[in-house]
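Undergrad: make a model of this:
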Amino acid sequence: MRLGIAGSGMIVEDCLGAVAEADGVTPVAICAREKSRDRAEALAARHGVGSTVYDYDELLGRRDVDAVYVGLVNDLHYDYAKRALEAGKHAIVEKPFTATLAEAEELASIARSRGLFLFEAAPTLHMPLFRSVVERAAGIGRIGLVQCSYCQRSSRYARYLSGDVAPAFDPAHAGGALRDLNVYNIHLAVRLLGLPRTAYYAARRGWNGVDTSGSALLGYDGASASCAAAKDADGPGFSLIVGESGWIRADGSPNSLARAEIATPGGGVVELRDESGLPRLTHEWMAFERMIREGRLDECYGLLEHSLRVMKVLDILSRDL
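TA: Prediction:
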């Protein structure tokens with residue numbers, strides 16, 4: 001997979017580090033704004049990317065680009081992904097997939113009509129330990145309770161308090177704790193329990209109205225999920241899944257699971273760890289490359305349906321903002 005990259009921020013740096021460990025993925029160009037030229041060129045030099053361009057249409061017109069990774073601020077995901085699909089490129093879009101469900105549904109429709117691959121870069125779904133937890137959840141009986149927490153004080157929070165607003169703290173750019181961090185928790189809850197019957201969001205708002213932290217409560221018939229996230233404070237990350245016959249507790253935020261304990265119906269506790277030794281984002285890039293190489297559109301579109309369900313939940317929760 002020959003990859004064109006739209007963006008030059010921190011997430012792109014993380015992406016390039018992960019891609020270096022994924023066989024079959026070759027980043028061939030970084031596209032950035034002219035004012036970010038120095039940063040883009042430094043990124044390309046550090047990670048061995050062949051070229052930098054400063055016009056997105058130029059990137060989309062390149063024959064040596066098979067897929068485009070959209071690593072831009074949240075509210076630009078839709079436009080850049082749409083243009084990539086319309087240019088015949090596969091698209092890999094950083095989480096949250098889009099700013100609204102309607103945008104996500106339109107992208108999905110375009111991808112399906114053209115037989116193109118479209119992925120949300122939600123690394124949780126592809127991590128070995130996450131997959132093991134989901135598989136083993138079937139053995140703890142009917143799930144009645146899911147609790148998740150991801151609290152990480154943003155490196156930009158002090159700037160925000162002083163009035164310097166980065167996109168991650170700007171409602172106009174679809175920023176905030178719900179879309180930036182809680183989305184990982186919601187991915188887990190929806191993967192385990194599906195679409196909720198009810199959904200509510202209680203947020204702590206900053207001076208410009210952005211949700212700097214908050215808790216989502218998802219209601220199901222016979223079950224509930226509570227998902228908490230904070231960009232204004234640190235706290236231990238964990239996921240707890242309680243079934244009628246056992247429980248699973250995973251340590252760490254849902255986007256970087258490293259260890260889990262599973263209490264089985266027989267009373268024993270089994271410990272699981274991620275022994276891969278790979279960067280946390282590498283697993284998704286290995287999965288994307290394999291699906292594209294093998295032509296597994298069915299698998300891709302199954303993941304796409306999951307992303308659309310998550311977007312539907314985010315849309316509902318956003319009404320409380």
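Undergrad: which residue lies nearest the spatial centre of the chain?
TA: Centroid check for the chain by CA atoms, centre = their mean gives Ala122 as the closest residue, at 2.7 Å.
Undergrad: element containing Val310, please.
TA: helix 297-318 (DSSP states H and E).
Undergrad: can you name the residues in contact with that helix?
TA: 96-98, 100-101, 104-105, 108, 111-112, 115, 117-120, 122, 125, 178-179, 183, 186-187, 190-191, 194-196, 199-201, 216, 218, 291 (CB atoms under 8 Å, 6 or more residues apart in numbering). C-beta: built from backbone N, CA, C; applies to glycine.
Undergrad: go again using 7 Å as the cut-off
TA: 96-98, 100-101, 104-105, 108, 112, 115, 117-120, 122, 125, 178-179, 183, 186-187, 190-191, 195-196, 199, 201, 216, 218, 291 (CB atoms under 7 Å, 6 or more residues apart in numbering).
Undergrad: so what's the residue nearest to the centre of the chain closest to, chain neighbours aside?
TA: Spatially, and ignoring its direct neighbours in sequence, Ala122 is nearest to Lys95 (4.7 Å; CB to CB, 6 or more residues apart in numbering).
Undergrad: low pLDDT regions in the stretch 51-200 of the chain?
TA: Counting by pLDDT under 70, the stretch 51-200 of the chain contains no low-confidence range.
Undergrad: what ranges do the helices span in the chain?
TA: Listed from the start of the chain, the chain has helices (DSSP state H) covering 10-19, 37-47, 56-60, 77-86, 101-114, 128-136, 157-161, 177, 183-193, 282-294, 297-318.
Undergrad: which among those is found nearest to Gln147?
TA: helix 183-193 (9.0 Å; CB to CB).
Undergrad: next, the angle from the closest one to helix 297-318.
TA: For helix 183-193 against helix 297-318, the angle between stretch directions is 120 degrees (axes from the mean of the first three to the mean of the last three CA atoms, to 10 degrees).
Undergrad: show me which positions of helix 183-193 end up buried.
TA: Buried residues in helix 183-193, counted by 16 or more other CB atoms under 10 Å: 183-193.
Undergrad: Val146: which of the helices of the chain is closest?
TA: Using CB to CB, those put helix 183-193 closest to Val146, at 5.1 Å.
Undergrad: which residues touch that closest one?
TA: Counting by CB under 7 Å, 6+ apart, residues outside helix 183-193 touching it are 95-96, 122, 124-125, 134, 137, 143, 146, 148, 150, 216, 218, 220, 223, 225, 227, 229, 239, 241, 253-255, 306, 309-310, 313-314.
Undergrad: which of these are buried?
TA: By 16+ other CB under 10 Å, the contacts of helix 183-193 give 95-96, 122, 124-125, 137, 143, 146, 148, 150, 216, 218, 220, 223, 225, 227, 229, 239, 241, 253-255, 306, 309-310, 313-314 as buried.
Undergrad: return the subset of the residues you listed lying in strands.
TA: 143, 146, 148, 150, 216, 218, 220, 223, 225, 227, 229, 239, 241 (DSSP state E).
Undergrad: quick one: contacts for Ile143?
TA: 137, 192-193, 223, 241-243.
Undergrad: pLDDT score for the residue of the chain positioned farthest from its centre?
TA: Distance from the centre of the chain peaks at Gly266, with 35.2 Å (CA atoms, centre = their mean). Per-residue confidence (pLDDT) for Gly266: 74.
Undergrad: related to what we said a few turns ago, ok, which of the helices of the chain comes nearest Gly206?
TA: Comparing those by CB to CB, helix 157-161 comes nearest, at 6.7 Å.
Undergrad: pull the distance from that closest one to the chain's centre.
TA: The chain centroid and the centroid of helix 157-161 are separated by 24 Å under CA atoms, centre = their mean, to the nearest Å.
Undergrad: what are the buried residues along that helix?
TA: So for helix 157-161, counting by 16+ other CB under 10 Å, buried means 157, 160.
Undergrad: cool, and stretch 80-99?
TA: By neighbour count with 16+ other CB under 10 Å, stretch 80-99 contains the buried residues 80-85, 87, 89-99.
Undergrad: returning to that earlier point: which one of the helices of the chain is the most hemmed in?
TA: Counting by mean count of other CB atoms under 10 Å, helix 177 has the highest mean neighbour count of the helices of the chain, with a mean of 30.
Undergrad: which residues touch the residue nearest to the centre of the chain?
TA: 95, 187, 307.
Undergrad: would you list those residues in a markdown table and tack on distance to Leu16?
TA: Shown next, in a markdown table, are these (distance: CB to CB, whole Å):
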| residue | distance to Leu16 |
| --- | --- |
| Lys95 | 17 |
| His187 | 23 |
| Ser307 | 23 |
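Undergrad: what sits against the closest residue to Phe288 other than its chain neighbours?
TA: Computed as CB to CB, 6+ apart, the closest residue to Phe288 that is not its neighbour in sequence is Phe119, at 5.6 Å. When contacts are counted by CB under 7 Å, 6+ apart, Phe119 is found next to 92-93, 288, 300, 303.
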